[in-house]
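J.: 3D model of this:
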Amino acid sequence: MHRGGLLGSKPVVFCIVRTAVRVAYILVAALPVFSVPTFSLPAVFLPAVAAQEDSEDNAMFWSTTLKMIRAKFPEVAQLSTDSLQTWLDESATAERPLLLDVREKEEYEVSHLKGAVPAMTEKEALQALEGVPPDRPVVLYCSVGYRSSEMAGFLQKQGFRKVYNLEGSIFAWANEGRPVYRGDERVSKVHPYDRVWGKLLNKVLRAR
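T.: Residues are numbered from 1 along each chain as shown. Predicted coordinates for the structure are as follows:
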C-alpha cells in the first residue's frame, strides 16, 4: 500500500513535533551549565515547545528539570510539596519553617506562598534571617527550584543547618491545587517567569 501521502497527515506531523520537543529536552539536560535566570531553549525548538501549549504531557520536561537541579545542587536538601504541606498543617505541634521566596519582585507580587518573605538577593536573604537561630528550619522556593536551590546552598555556607529547597517550587505547588496568596488574599494566578519555563505551569494558572 502506498503511504507517500502520509507525511502531511496530522498523526505524522504530531509525531514530528513531539520528537522535536523531546530532542529539545534532551539538549537541555545535556548542557553542563543550567541557569534559569538567563537560560532559554535554542530558537529552532521554540515552535515545538509552543506546540505543547494545550498539552498535559509535559512530564518529560518536569522530570528533566528536576533531575538537572538535583545534579547541579547535590548538597541541597529537596523538600516535596506534600512534605511542606504536612509540615505547615502540623505547625501547631511542630516548629513552623520560615518560607523565603527568592523570585523577582514582580513575580512575588502576583502571588506567593502564605507568609513567605521576599528575599531576591543574598543580602535580602541574610537580612530576613537576621537573628534567626542557625537551626531554625528554612524552606526556599522560586518558580521551579533552580534559583532557590542556589540560594539554599549559599545559606548553608553561612551556617544555617536546616535549609531546604521546595522541589518544583511554586509551579509544582500551584499545579497541585495548593493555595497561593497576594498578601492575605488567596488568588488563582502565578507569574509564569517566561514563555518557555511557563510551560511547566498549568495554563489556567498563568498570570499572562
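J.: residues contacting the closest residue in space to residue 202 that isn't next to it in sequence?
T.: Once flanking residues are discounted, residue 202 sits nearest to residue 175: 5.1 Å by Cβ to Cβ, 6 or more residues apart in numbering. For the C-beta atoms, the positions are set from N, CA and C on the backbone; glycine is no exception. Counting by Cβ atoms under 8 Å, 6 or more residues apart in numbering, residue 175 makes contact with 168, 200-202, 205.
J.: for residue 84, state which of the residues you listed is nearest.
T.: In terms of Cβ to Cβ, no member of those lies closer to residue 84 than residue 168, at 10.4 Å.
J.: who's in contact with the closest one?
T.: Taking Cβ under 8 Å, 6+ apart as the test, what residue 168 contacts is 62, 66, 81, 144-145, 175.
J.: could you report the pLDDT at it?
T.: At residue 168, the pLDDT value in this model is 98.
J.: circling back: state the distance from the residue nearest to residue 202 to residue 96.
T.: 24 Å (Cβ to Cβ, to the nearest Å).
J.: hey, where'd the strands end up in the protein?
T.: Here the chain has its strands, by DSSP state E, at 77-79, 98-101, 117-118, 138-141, 163-166, 180-182, 185-187.
J.: just give the number of residues close to residue 80.
T.: Using other Cβ atoms under 10 Å, residue 80 has 13 other residues around it.
J.: for it, which non-adjacent residue is closest in space?
T.: Among residues not flanking residue 80 along the chain, residue 167 sits closest, at 5.7 Å (Cβ to Cβ, 6+ apart).
J.: list the contacts for that neighbour?
T.: By Cβ under 8 Å, 6+ apart, the neighbours of residue 167 are 66, 69, 78-81, 145.
J.: can you check residue 122 too?
T.: Contacts of residue 122 (Cβ under 8 Å, 6+ apart): 151, 154.
J.: and the pLDDT at it?
T.: 98.
J.: can you tell me how far it sits from residue 140?
T.: Residue 122 is 12 Å from residue 140, by Cβ to Cβ.
J.: cool, and residue 102?
T.: 6 Å.
J.: how is the chain divided into domains?
T.: Following automatic domain parsing, the chain resolves into domains at 4-70, 75-205.
J.: what's the span of the longest one, first residue to last?
T.: Put plainly, it is domain 75-205. Using Cα to Cα, to the nearest Å, one end of domain 75-205 lies 31 Å from the other.
J.: any idea how far that domain is from the chain center?
T.: Relative to the chain's own centre, domain 75-205 is displaced by 10 Å; criterion: Cα atoms, centre = their mean, to the nearest Å.
J.: kindly report the same for stretch 200-208.
T.: 12 Å.
J.: quick one: end-to-end length of it, please.
T.: End-to-end distance (Cα to Cα), stretch 200-208: 14 Å.
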